[in-house]
Every structure is written in C-alpha cells, then in structure tokens.
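*Asks:* The following block contains a protein sequence and its predicted model.
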Amino acid sequence: MKIIESIDEMRDYSRQLKRDGNIVSYVGTAGALHEGHMRLVNVAKSNSDIVILSVESTASYCAYRTGLTKHDESYLNVYKEEDERLCKLNQVDVLFKPPPEELYSDGFGVDIEISGTVIARLKKESTDTSPVSNIIIQSFISNFNVISPDIIILGQKDIFQNWTVQELIKRLNFPIEVITVPTVRDKDNVACSSRLLKIDDEERLKCIYQVLQEVASWDYFPPIAKIKNYIEYKILESGGAIKYVVVCCPETMEELDSLNPLDSKDGLASLVVCAKFDGVYFHDNITIKTKSKINILIENMSKYNEQV
C-alpha cells in the first residue's frame, strides 16, 4: 500500500495511473475506519483497478484551526495506526492523507446553496448538526480535482451527504460514476459509525433502527406529525434525544407532507433520524414504500384472490 501525504504528489500519481489505463475509485472518509468503510473498499475493488482512500479527519481540521483537544490527540495518535492497518488488510492501493494546511486554506471556504430541500432547512436551523458539512463538501471537491476518480463509493447511512455529493457531480459536470452501498450494521442492527468510539453503551442505539423498521412495517401510515412524535417517544424511552426526524423524497430531498403514494415519487420515501446519546449525534435512515387505504385494500384483495 502506498501512503501519500502531499496534494501535489497525489495529483502526479493519479495522472500516472490514468496514463497507464487504470480505472480509479475513490473512498472519502474522516478517519477512525470501521467495517462500514471497509465494505466501501470491497465494492470499490470489485469495480476498479485502483482504490484510493482518503482520510481527512475532523480532528485534524480542529487541530489545524484551534489546537488539539484531548480527543483529537487520541485520534491522531491512536486511530492513525489502526486506520493504516485496516487499509493494508483490505488491500487499499493508496492511502491519501493530505495535511490540513494544504486542504483548508485560511480565509477561503466553500458554501453551497441547496434551496427547496430539507437539507437547506436543517443547515439554516443548526450549524452544529448540519447534515452536510461545508468542510466535507470542500474536501470532496478538492479530491475530485486532485485524484480525478472514475468512480466514487458512498454509503447510504449518510443519506444527505450522499445526495449532495451526487448533485455536485451532476451540476459541476464531474465525469464520475457514483455507487451507493447499503448501510453496514452490527449484530444489533446499529449502523457502523466512527462516533461509536465516543460512547460506552452502544446497545441503547439499536432503538433507532428498531423504530424505523417498526414504522416501515405499519399497514397504514398516520399523519407525519404522529409518526415523528412516535419515533421521538421511542428514542426518549431509550435514553436518547431527538435532533430531527425527516420524511422526504429520496430523489429530490423535498420534505413530504404525507405518506400518500400520490405525494412521493415512485411511491418511495426516506425516513431520516438524528438522535443524541451521551452528547453524541447519530444518524440513520430507511427507505419505505408509501401506503394509502386504497393500496391496502388492493393488497388485501390480491391476497384474497390468491387464496381463492
């Protein structure tokens, strides 16, 4: 495995890979790698000749801007070695670790306007839990230019970031194919996340996916306000707190007023939750088929006819 810590070196090496006719895939991460990241790597290996994984950690950014905190120092000194071990074990070809002073220029930043979507509303309401960090978007754009990947591999867990990156690629005309990988979960169906390192009792988090699955299984969907209230109640019951519950169209990220099939494209809706446990925010989502009383009647009639 080749480790590159310079943007200029990465750009030159990527150009050489392209000249040699390689198909290059890119996996962007914030470090503290886990099984979910390695699933992205495995998908990348199946679809390309060369896999480049980047680590641009929030800890590195914070250290560059404001100095090291105790947690930042722990990440930079401990998880750095584990990240490299996992990358070698899973046969990553290039581990790209650009220094923050090269990646984040003083006095310059990238902001994006995503009007008409739930992402725009959430960004406006809160900066600390914004579903799409401008820092992350800036690093994606930078790496598209530096690495020039043919393919990018994204995880479904970060649904808002996933959608935003796809829109960036489409609207800025980057010649990059996007492959989205389903969320990787542990034995308790908790979505794999680097943030799990920050809490002691991971078992409590299984309530997030449990309630999402429960709602998806309902025969009839009540008004969205009642769905949100029920999810919040179940999270509170497990010792967490809700930051937001969103019901939106997975293709446009527009918020839905109901789960009537006529209100959603292709009869699908994304149910997205951000919950807080021990001061740490966790995200999860599920795609559900919208239903109405008419749908249920038709389904029941079909089942009856099959039995007859």
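*Replies:* Yes, it's here. If you're wondering where the values come from, they're calculated on a predicted model, not measured in any experiment.

*Asks:* surely Cys274 meets Val280?
*Replies:* No: here Cys274 lies out of contact with Val280, judged by C-beta atoms under 8 Å, at a distance of 11.0 Å. Where you see a C-beta, it was placed from the backbone N, CA and C, and this is true even at glycine.

*Asks:* Neighbour count for the two, which is higher?
*Replies:* Taking other C-beta atoms under 10 Å, Cys274 and Val280 do not tie; Cys274 has more neighbours (21 against 15).

*Asks:* The more buried one is in what secondary structure piece?
*Replies:* strand 268-277 (DSSP states H and E).

*Asks:* Tell me what angle the next helix or strand after that strand forms with strand 268-277.
*Replies:* Counting by DSSP H and E, the next helix or strand C-terminal to strand 268-277 is strand 280-289. Counting by axes from the mean of the first three to the mean of the last three C-alpha atoms, to 10 degrees, strand 280-289 points 160 degrees away from the direction of strand 268-277.

*Asks:* Which other helices and strands does strand 280-289 contact?
*Replies:* In terms of contacts (3 or more C-beta pairs under 8 Å, 6 or more residues apart in numbering; DSSP states H and E), strand 280-289 is packed against helix 206-217, strand 268-277.

*Asks:* what's across from Ile50 in the sheet?
*Replies:* Legend: beta-bridge partners of Ile50 under DSSP bridges are Val24.

*Asks:* Correct me if wrong: it contacts Leu17.
*Replies:* Yes: assessed by C-beta under 8 Å, Ile50 is found in contact with Leu17 at 5.5 Å.

*Asks:* Tell me which of the two has more neighbours.
*Replies:* Between Ile50 and Leu17, counted using other C-beta under 10 Å, Ile50 has the larger neighbour count: 23 against 20.

*Asks:* any idea how far the more buried one is from Pro149?
*Replies:* Going from Ile50 to Pro149 by C-beta to C-beta, to the nearest Å gives 9 Å.

*Asks:* same deal with Leu17?
*Replies:* From Leu17 to Pro149 the distance is 10 Å (C-beta to C-beta).

*Asks:* shared neighbours, these two?
*Replies:* Counting by C-beta atoms under 8 Å, 6 or more residues apart in numbering, the common neighbours of Leu17 and Pro149 are Val24.

*Asks:* Return the most buried member of the helices and strands packed on strand 280-289.
*Replies:* Highest mean neighbour count among the helices and strands packed on strand 280-289 (mean count of other C-beta atoms under 10 Å): strand 268-277, with a mean of 22.

*Asks:* At the geometric centre of this structure, which residue sits there?
*Replies:* Central residue of the chain (C-alpha atoms, centre = their mean): Asp158, 1.8 Å from the mean position.
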